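> Structure for this input, please:
(one chain, ligands or ions: 2)
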Amino acid sequence: MTAELIDGKAFAAGLRARVAAQVPTFQAAASRAPGLAVVLVGEDPASAVYVRSKGKQTREAGMESFEHRLPADTGQDDLLALVEQLNADPAVDGILVQLPLPRHIDEQEVLLRISPDKDVDGFHPVNAGRLATGMEGFVPCTPLGCLMLLQDRLGDLSGLDAVVIGRSNIVGKPMAALLTQASCTVTVAHSRTRDLASHVARADIVVAAVGRANFVQGDWIKPGATVIDVGINRVEGKLVGDVDFASAMRVAGAVTPVPGGVGPMTIACLLRNTLVAAHRNAGVPLAGDVLAGIDRPERT
Ligand SMILES: NC(=O)C1=CN([C@@H]2O[C@H](COP(=O)(O)OP(=O)(O)OC[C@H]3O[C@@H](n4cnc5c(N)ncnc54)[C@H](OP(=O)(O)O)[C@@H]3O)[C@@H](O)[C@H]2O)C=CC1
Ligand SMILES: Nc1nc(=O)c2c([nH]1)NC[C@@H]1CN(c3ccc(C(=O)N[C@@H](CCC(=O)O)C(=O)O)cc3)C=[N+]21
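Ligands and ions are numbered 1, 2, ... in the order given. Coordinates of the predicted model:
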């Protein structure tokens, strides 16, 4: 048996098109385009690639992109001052400070300074708290994209057993919160988990966000399960996920590839969150059916 490939790249292109289709309506109501500010500190080449890609896709959706590139030795106070300036700028609806930050900068303090209303990454504790308590807020882009792919393939997720491998604030924890909200029975695994394979074996849904190349083995996976590979690892110049793709393809029902799976969904969800932020910040209503079309497209 060979698993189906989940085409995140194609789904993301569709999502970006649906977001772009709403921009002229917003612009007519607010007399400005939605704006996303991206801040990059230092010259990490992988981060530079993502930031360029985000800027390009933001402009292609008809939104304004404000890019701030700061030298690696930028001081904490200067970065905080830039964040404050962006918080106060009415042309900026969303602020993304690219992680990781250089070691001399206190990441926590920077994320806390971003206005929760412009926190399109969903990393501010206020938005994490909103997600945890079921309030409306911004949901981190990567887990949001994973949820969209899962709902597109499986429809109603209620009652399904899900295992999330990883408990970071940016992927694992919000992913577990979303799956719990969607009425899955959720297991969160991490580096102290005993007998990970036995947990994976029970799961209808496996989300791997570990940061270790080819870590999840096909023979752990329940036949027919849906496997979402969040991992982005560079091995000998090539991108590979956290799932051993070849062996997973022999057992699973469907698998996201790396590249072309979750990665493109992350950026598409960033544009989605920016569109939502723009409407909220400008006081322009975003019709429920429009949002439903963006978050849960009709299946074709
Ligand atoms: N596609 C995309 O858009 C994105 C991809 N990524 C990728 O996703 C992956 C995860 O990212 P992120 O969550 O930030 O990573 P972190 O390093 O913050 O978290 C990794 C998690 O994996 C757990 N872990 C590590 N080793 C094991 C093990 N042997 N068994 C079980 N669990 C283990 C850790 O456990 P513990 O907590 O105990 O240390 C931790 O909770 C990375 O490859 C990253 O590059 C990240 C963001 C976006
Ligand atoms: N504040 C912040 N927010 C983030 O969302 C954030 C961040 N910092 N720091 C780094 C991680 C990582 N991340 C990715 C986004 C897109 C792809 C992506 O598009 N990947 C393509 C391949 C890209 C390539 O070829 O390198 C794919 O998987 O097909 C991957 C990873 C966002 N992150």
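> Run through who's touching the longest helix along the chain.
As assigned by DSSP state H, the longest helix anywhere in the chain is helix 8-30. For helix 8-30, the surrounding residues in contact (CB atoms under 8 Å, 6 or more residues apart in numbering) are 33-34, 57, 60-63, 145, 148-149, 152, 256-257, 259-265, 267-269, 271-272, 275, 278-279, 282, 284, 286, 290, 293-294, 297. In this view, the C-beta of every residue, glycine as well, is placed from N, C-alpha and C.
> what does the domain assignment say about this structure?
The record's domain split for the chain, according to the TED database, is 30-120, 141-262.
> so which of those comes closest to residue 3?
domain 141-262 (4.2 Å; CB to CB).
> What's the local residue count around residue 41?
Residue crowding around residue 41 was assessed by other CB atoms under 10 Å; the count is 24.
> picking that back up, and the longest helix of the chain, what's buried?
Residues of helix 8-30 classed as buried by neighbour count (16 or more other CB atoms under 10 Å): 8-9, 11-12, 15-16, 18-20, 22-23, 26-27, 30.
> how about the residues of the stretch 1-150 of the chain near ligand 1?
residue 142 (CB under 6 Å from any ligand atom).
> Might you name the residue of the stretch 1-150 of the chain sitting closest to ligand 2?
Relative to ligand 2, the nearest point of the stretch 1-150 of the chain is residue 99 (3.8 Å; CB to the nearest ligand atom).
> Quick one: the strands in the stretch 151-300 of the chain, in order.
All strands of the stretch 151-300 of the chain, identified by DSSP state E, counting those that start in this stretch, fall at 161-165, 185-189, 205-208, 226-229, 233-235, 238-240, 254-255.
> right, and those - which one's nearest ligand 2?
Using CB to the nearest ligand atom, those put strand 238-240 closest to ligand 2, at 5.7 Å.
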